[in-house]
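S.K.: Pasting the sequence and the predicted coordinates here, then a few questions.
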There are 2 protein chains.
Amino acid sequence: MLTENASATAEADIRALVENWRQAFLKRDLDTIMDNYTPDVVAFDAILKLQFKGVEAYREHWQACLDMCPGDLEFEIAELGVEAGDGIAFGHYLSRCGGSNDKGEVCASWMRATIALRRVGGRWKIAHEHFSAPFDPVSNKAMFDLVPE
Amino acid sequence: MLTENASATAEADIRALVENWRQAFLKRDLDTIMDNYTPDVVAFDAILKLQFKGVEAYREHWQACLDMCPGDLEFEIAELGVEAGDGIAFGHYLSRCGGSNDKGEVCASWMRATIALRRVGGRWKIAHEHFSAPFDPVSNKAMFDLVPE
């Protein structure tokens, strides 16, 4: 187990990574976004496919997602929880994520995010990521009106 | 970091936990299902709410989900990946999850699952779980026809 100090340092490092990632997203800085993932990342994104395996496949999907929202982007994070061990860590948060489409319409909703991290060469990287919106089992539609309680 | 042996043991323990959990689900054994979670579990389930905080809230949701599918249950797991450190671990897999409703109609589809674990009192427990189906950003409907590639 990590000492309390080492655990607090790891947690602070991971919180900084999440904020760095968020700022890169808002700036559409795809190189910086992708630099936070391991080459073998397995990603479960909110839309279109069950999974993306490897950083190249995930980067292509990221590019397509950014292209869907050519206007201003939004990414607010709430209730970030982080737990770090020696070499492996995880985090989870709620995110209000959105952007404007080519008609200038803003689409944003609260969703959920999980990250699982591995420490590689002295630096934490995201080895697994999971974004999603819950769906309504009657309409089968994604629920975009939910807010953190 | 864990030694290679310790890491292999932890990974085997977590794979056993997942199989134990799966068998309990198939038998509708809610006590055994819930015994795999920490009291402070934060769960992002596939349906209805952004999150469930604490094992009691999650148990109520589990009961409601089991009640939705009174017939035979199905839960197949594919591509389970596990990484364990000293005290913290994570896993991710694809699951073909389903059941029969009160009309005997079978509803099953491939979805995604992430688990994040903490070692407590010599035993791994799930401290965070995330289930979801991806949605189609045009129809906003959950995509139930996807299969592992």
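M.R.: Arrived safely, thanks for sending.

S.K.: Every contact and neighbour count from this point should use C-alpha atoms.
M.R.: OK.

S.K.: what about the helices in chain A?
M.R.: A:4-26, A:30-34, A:55-68 (DSSP state H).

S.K.: now those helices in a markdown table, with mean neighbour count and mean pLDDT?
M.R.: Below are the helices of chain A laid out as a markdown table (neighbours: other Cα atoms under 10 Å in any protein chain shown; pLDDT from 0 to 100):
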| stretch | mean neighbour count | mean pLDDT |
| --- | --- | --- |
| helix A:4-26 | 16 | 95 |
| helix A:30-34 | 16 | 98 |
| helix A:55-68 | 15 | 96 |
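
S.K.: what's the closest of these to B:Leu2?
M.R.: Ranking the helices of chain A by proximity to B:Leu2 (Cα to Cα) places helix A:4-26 first, at 15.6 Å.

S.K.: The helices of chain A: which one's closest to chain B?
M.R.: Closest approach to chain B among these (Cα to the nearest Cα): helix A:55-68, 9.8 Å.

S.K.: Show me what the closest one is packed up against.
M.R.: Applying 3 or more Cα pairs under 8 Å, 6 or more residues apart in numbering or on different chains; DSSP states H and E, one finds that helix A:55-68 contacts helix A:30-34, strand A:37-44.

S.K.: Same list, those, but as TSV with distance to chain B please.
M.R.: As requested, the helices and strands packed on helix A:55-68 are exported to TSV (distance: least, Cα to the nearest Cα, whole Å):
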stretch	distance to chain B
helix A:30-34	20
strand A:37-44	7
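
S.K.: In contact with A:Thr114, which residues are there?
M.R.: Taking Cα atoms under 8 Å, 6 or more residues apart in numbering or on different chains, we find A:Thr114 in contact with A:90-93, A:129-131, B:114, B:130.

S.K.: What is the nearest of those to A:Thr32?
M.R.: Among the contacts of A:Thr114, and counting by Cα to Cα, the member closest to A:Thr32 is A:Glu129, at 16.1 Å.

S.K.: Parallel or antiparallel, list what pairs with the longest strand along chain A.
M.R.: Counting residues, the longest strand found in chain A (DSSP state E) is strand A:106-120. According to DSSP bridges, strand A:106-120 forms sheet pairs with strand A:88-100 (antiparallel), strand A:123-132 (antiparallel).

S.K.: which stretch in those strands has the least confidence?
M.R.: Among those, strand A:88-100 carries the lowest mean pLDDT, a mean of 94.

S.K.: Give me the distance between it and the centre of its chain.
M.R.: In terms of Cα atoms, centre = their mean, to the nearest Å, the centre of strand A:88-100 is found 5 Å from the chain centre.

S.K.: Taking strand B:37-44 as reference, get the angle to the longest strand of chain A.
M.R.: If you take axes from the mean of the first three to the mean of the last three Cα atoms, to 10 degrees, strand A:106-120 sits at 140 degrees to strand B:37-44.

S.K.: in strand A:106-120, what's buried?
M.R.: A:106, A:108-119 (16 or more other Cα atoms under 10 Å in any protein chain shown).

S.K.: With pLDDT as added columns, please give those residues in CSV.
M.R.: Shown next, in CSV, are those (pLDDT from 0 to 100):
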residue, pLDDT
A:Val106, 82
A:Ala108, 90
A:Ser109, 95
A:Trp110, 97
A:Met111, 98
A:Arg112, 98
A:Ala113, 98
A:Thr114, 98
A:Ile115, 98
A:Ala116, 98
A:Leu117, 98
A:Arg118, 98
A:Arg119, 96
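
S.K.: how close does A:Asp45 sit to A:Ala84?
M.R.: Using Cα to Cα, to the nearest Å, A:Asp45 is found at 23 Å from A:Ala84.
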